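> predicted model, plus sequence, below.
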Amino acid sequence: MKPESNDKMAELYQAVILDHNKYPRNFRKMSDYTCCHQGYNPLCGDRLDVYLKIGGDNETIEDISFEGEGCAIFKASASLMTEAVKGKKITEAQQMFEEFRHLLLKQLDPDRDSHHLGKLKVFSGIWQFPVRTKCASLAWHTMQAAMKGEAGQTKTE
Ligand code: ZN
């Protein structure tokens, strides 16, 4: 890729992140959730509650929402996560998280090795800012804890 197209990609990715920060999707408290969990990132101060409604088959994420406060990367990541996993099977969501984690650690080439990421590729450049990877992964860790039915609060180390 030419540097010029890399820049365009970065601009596009940034635009998606800014949009989801300004207008977070599924940003609401859920009353009929089947599980919920709280997450906190002490490095940055990001905090959220993730609400999940798992279907009667115990496999499908029928609905997901979140509420919280934090930086743009955190909020955009939580918003994009809810969009990505809504209506999906729990196993698919876990595969997405696996790929997303590898993306954040630069252990995955988003153009070659990604099968589930879709829009989540906008976080491709985050590995350059190690502190920000905690912001980007907080919602995912919190969702996973909610699905496992863990009590208490999830903290990024
Ligand atoms: Zn943050």
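It's in. Residues are numbered from 1 along each chain as shown.
> please count neighbours and contacts with C-alpha atoms only from this point.
Noted.
> what does the chain put close to the ion?
Proximity of the chain to the ion, by C-alpha under 5 Å from the ion, involves residues 44, 71, 135.
> top of those residues by number of neighbours, please.
residue 135 (29 neighbours; other C-alpha atoms under 10 Å).
> within the helices and strands, which one has that residue?
Residue 135 belongs to helix 130-148 when assigned by DSSP states H and E.
> in this protein, where is pLDDT below threshold?
1-5, 157 (pLDDT under 70).
> that one: strands as residue ranges?
35-41, 46-54, 61-69, 153-155 (DSSP state E).
> export these to CSV and append columns for mean neighbour count.
Output for the strands of the chain, formatted as CSV (neighbours: other C-alpha atoms under 10 Å):
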stretch, mean neighbour count
strand 35-41, 23
strand 46-54, 24
strand 61-69, 20
strand 153-155, 18
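> got the contact list for the residue nearest to residue 147 when sequence neighbours are not counted?
Excluding the flanking residues, the one nearest residue 147 by C-alpha to C-alpha, 6 or more residues apart in numbering is residue 35, at 6.7 Å. By C-alpha atoms under 8 Å, 6 or more residues apart in numbering, the contact set of residue 35 is 51-54, 146-147, 149.
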